[in-house]
Structure formats: C-alpha cells, structure tokens
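Visitor: Any chance you could fold what I've pasted below:
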Amino acid sequence: MNLKGFQTKAIHVSDSFNSTAAISAPIWQTSTFRARSSEHFDELAHDTKPTEYYTRYGNPTHRQLEETVAALEGGEAALVTGSGMGAITTSIMSLLQKGDHVVAQQSLYAGTKTLLENVLPKWGIECTFVDQTNPANFAEAIRPSTRLIYVETPTNPLMRLTDLRAVAELAKSRKITTIIDNTLATPVNQLPLECGIDVVVHSTTKYIGGHSDVTGGVIVSSEALIERVWNHHIVAGAVLSPFDGWLLLRSLRTLGVRVERHNQNALALARFLESHPKVDRVNYPGLESHPQHELARRQMSGFTGLLSVELRGNYQSAKRFISSLKLVAYAVSLGGFESLVVHPAAMWSKHLSPDQLHSMGVSESLVRISVGLEDEGDLINDFAQALEAS
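Guide: Residues are numbered from 1 along each chain as shown. Take a look at the predicted model:
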C-alpha cells in the first residue's frame, strides 16, 4: 500500500516487520539469535546488516525503527545508534580518512564542535568553520581535499538557519558528501534529503523520543551509504539497546501530532515574549522579525518547539527569571513533553570565557526555552509572571 500521509507512515510503515499479532510490536530483548543450520549461520555471518544474528549487527526491533524513520525522512535506509553523538561520530568517521578536509558551520551542537575541532585533527583530518548564514562562505572554504560539508539547521540556541538547497547544490557540483543534523527540525518540519542533502542524523533523545526517558540516535541516507556506515558502526559499537529501540518506536507513532503542538505552543509563546517590554529580542524562525524568516518559510513546514530570548537586563535578571518559573523545569536537553529552560551563559561559563561567549552570540541575559506540550494559556501565564518577578 502506498502510504502518503506523515502520521499514517509513522503508525503503519513498519507493520510488515511485525511478525506477531500484537498491535504494539514486542521487544526483541536479546543479544544473539539461534541459526537453523550451519549453512544458515554462514549466511547470517556474511550478510550485510543482518536482522537476526547478533544485536550489534541488527535486531528486529531496530529494523522496525529504522524502516519507520527512513520512510519519514524520505531515505532509502537508516541505522540506529546508542546516542545522538553516536550517530554523528559514526557517520562522520565512516566517510573520512587521514588527509581529508571538512567544511562545517561555526554554530554547532557542542559535542559535534568538539569532535570536529579537537578529535579529528588527531587523525590527520582538518576542519574549517564558516558562518552558515551566507552560502558563499562554504564555497570559499572548500579545498581540493574537502570530502564533507557538515551543517545543522536551525541552530541551538540562536536559531540561525542554513540554506540547504544552496549547500547541497554546491557540494554535488564538487562531489562532496553533505551531512545535516536535523534534530531540532525533525522530519515533520524539514526534509533535507528532498533538498539534496546526502545524510541526515538525529539525536532521537530529543523530539523523536519526546518523553525524556530514552537516549538514542539515527542515521538516514541511501542504502549504499548506510551499508558503509554500518561497517564502521559494528566496529565502533555505539549500539542501541532493544528496549530503547522499542521506546523510540512507540514515540514515533505520535511524532507528527506532538511536533505540531510543539510548533503551535512555541510560536504563540514567541509572539507573546516579543511583545513584552522586558524582552529585548526573541530568536525564533517562525517570527516575521527573524532575519532568515523567508528562508525558514521556503525550507521548513513548521518552526520547531525551541526558541531563545534576550531579556532586557543582565546575568542576574536571567537567573531571577528562570527561578520564578513555576511550570517550566530548569534542565538540559529539549524536545520532551515538558517545557524546559537553560541559561547558556551559566551553563558554559566554566568552559568558555566571556569573550568566547560573546563571539558565539551568547549574552548574559540569553535564555533558551524548549517549549513543551502544556496548554498554551498556562505556559504564557507562567512566563508572564516570571517576567514580572525578574
């Protein structure tokens, strides 16, 4: 059956991989599988990405999850990993070797930036970082040895965007592979493969998991590239547990409806905050005031549940504001059912100097907000009273 709707795919695309009558597919909680014969064992041992051989190589629970995510992203195949950084590291390392060069945007998830800036040079791989808001910067940074362009859009916490079609066109003309971290947007809001990007990675810990109870990652691409990544993966060993795979499969069933609610709540909150006298600026691509709003409208169908706000004040003002929130938890991560806030200047102050934070665009009064699934009115009321208290 040709399934077209996102939510229908999320629920039904993996039905054929559930060999039982259970509506909720069982967990294949096993590390290894029995072969029917010596010949069957030899066949499994030499298969690429076998489903029932050894769970580091594959697992029926993982297979259902992979098939579903691949369908939602519009990819041919997928590979799940034990964390988002497992997906990022595995995909990058499987594509590079000594002497290669990477072009990456300056604004990246901190773990990715550490990998590219501190780890890859130890293996003889160089990386050039550019401002992603101008596609020409990527072109200027390319060398004859460039093998990979790595992007992330929107970025965390300033919600800057990368023009995916422009980057993909540039890379394809030079035969350079492209990877995007699509965690913040999710396939509900953005389909990078349709824009010409080669590989999509996610921290499934965030919106795909959606319940703050599981850690995982996933890589989506062509069958040929996933086979290449899988060969690296079985050596690197960033394996997802079957139970965590089942939790992620459970969460995918409601991804579309959850992200739609995240989008609605975030846009309503962003508009409220933008109009408040104690707020200097709101960073959210769904707002007409966002400098890349038109790009967001072209390559996104929704604008995610993450935003950040610059308060009119200082470090202490941000602390008072966060401490005054009643519904919203002060916690790292994002994409869960509950709203969360963090104070980036406080979180990163032990690792980065004030000048470094300023160069990143992180001010003392910046607050990042992961907008959850609470009722819109209750959320706005909580932020209103917290702003008055700050």
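Visitor: contacting residues for Ser241?
Guide: Gly82 (CB atoms under 8 Å, 6 or more residues apart in numbering). C-beta coordinates here come from the backbone N, C-alpha and C atoms, glycine included.
Visitor: Hmm, I typed the wrong one, I wanted Ala384.
Guide: So Ala384 contacts Phe272, His276 (CB under 8 Å, 6+ apart).
Visitor: In terms of helices and strands, where is it?
Guide: Under the criterion of DSSP states H and E, Ala384 resides in helix 376-389.
Visitor: list the buried ones in that helix?
Guide: Glu376, Leu379, Ile380, Asp382, Phe383, Ala386, Leu387 (16 or more other CB atoms under 10 Å).
Visitor: Below-threshold pLDDT in this protein: ranges please.
Guide: 1, 349-352, 356 (pLDDT under 70).
Visitor: Show me the strands in it, by range?
Guide: In the chain, the segments counted as strands under DSSP state E are 77-81, 101-105, 126-130, 146-152, 177-181, 199-203, 217-221, 279-283, 306-311, 329-330, 340-342, 366-370.
Visitor: how far does stretch 291-307 stretch from start to finish?
Guide: 14 Å (CA to CA, to the nearest Å).
Visitor: quick one, what contacts the nearest residue to Glu52 once chain neighbours are set aside?
Guide: Once flanking residues are discounted, Glu52 sits nearest to Phe33: 4.1 Å by CB to CB, 6 or more residues apart in numbering. Counting by CB under 8 Å, 6+ apart, Phe33 touches Leu44, Glu52, Tyr53, Tyr54.
Visitor: I'd like to know how many residues surround the first one.
Guide: Residues within reach of Leu44, counting by other CB atoms under 10 Å, total 18.
Visitor: Kindly report the same for the third one.
Guide: With neighbours defined by other CB under 10 Å, the count for Tyr53 comes to 18.
Visitor: How much space separates it from Thr128?
Guide: For Tyr53, the distance to Thr128 (CB to CB, to the nearest Å) stands at 41 Å.
Visitor: Next: the second one.
Guide: Relative to Thr128, Glu52 is positioned 44 Å away (criterion: CB to CB).
Visitor: about what we covered before: now the buried residues of helix 376-389 in a markdown table, please, with extra columns for distance to Ala104.
Guide: Shown next, in a markdown table, are these (distance: CB to CB, whole Å):
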| residue | distance to Ala104 |
| --- | --- |
| Glu376 | 36 |
| Leu379 | 34 |
| Ile380 | 37 |
| Asp382 | 37 |
| Phe383 | 34 |
| Ala386 | 36 |
| Leu387 | 36 |
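Visitor: What residues of stretch 168-181 count as buried?
Guide: Buried-residue list, stretch 168-181, by 16+ other CB under 10 Å: Ala168, Leu170, Ala171, Ile176, Thr177, Thr178, Ile179, Ile180, Asp181.
Visitor: Ok, stretch 128-148 next?
Guide: So, applying 16+ other CB under 10 Å, buried residues of stretch 128-148: 128-130, 132-133, 135, 137-139, 141-142, 146-148.
Visitor: Tell me the one among those nearest to Gly335.
Guide: Gln132 (21.4 Å; CB to CB).
Visitor: My read is that that closest one contacts Thr162, right?
Guide: Yes. At 4.3 Å, Gln132 counts as touching Thr162 under the criterion of CB atoms under 8 Å.
Visitor: Identify the contacts common to these two.
Guide: By CB under 8 Å, 6+ apart, the residues touching both Gln132 and Thr162 are Gln105, Val151, Thr153.
Visitor: For those residues, give me TSV that also has distance to Ile219.
Guide: As requested, the shared contacts of Gln132 and Thr162 are arranged in TSV below (distance: CB to CB, whole Å):
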residue	distance to Ile219
Gln105	19
Val151	15
Thr153	17
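Visitor: Of those residues - the most surrounded one?
Guide: Neighbour-wise, the shared contacts of Gln132 and Thr162 (other CB under 10 Å) top out at Thr153, 28 neighbours.
Visitor: show me what contacts the closest residue to Gln64 other than its chain neighbours?
Guide: Spatially, and ignoring its direct neighbours in sequence, Gln64 is nearest to Ser14 (4.0 Å; CB to CB, 6+ apart). Neighbour list for Ser14: Ala25, Arg63, Gln64, Leu65, Glu67, Thr68, Leu249 [criterion: CB under 8 Å, 6+ apart].
Visitor: change it to 6 Å
Guide: By CB atoms under 6 Å, 6 or more residues apart in numbering, the residues touching Ser14 are Gln64, Glu67, Thr68.
Visitor: want to throw these into CSV with distance to Val362?
Guide: Shown next, in CSV, are these (distance: CB to CB, whole Å):
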residue, distance to Val362
Gln64, 40
Glu67, 39
Thr68, 36
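Visitor: Which of the residues you listed fall within helices?
Guide: Among the contacts of Ser14, the ones falling in helices (DSSP state H) are Gln64, Glu67, Thr68.
Visitor: How many neighbouring residues does the last one have?
Guide: Burial of Thr68, expressed as a neighbour count using other CB under 10 Å, amounts to 25.
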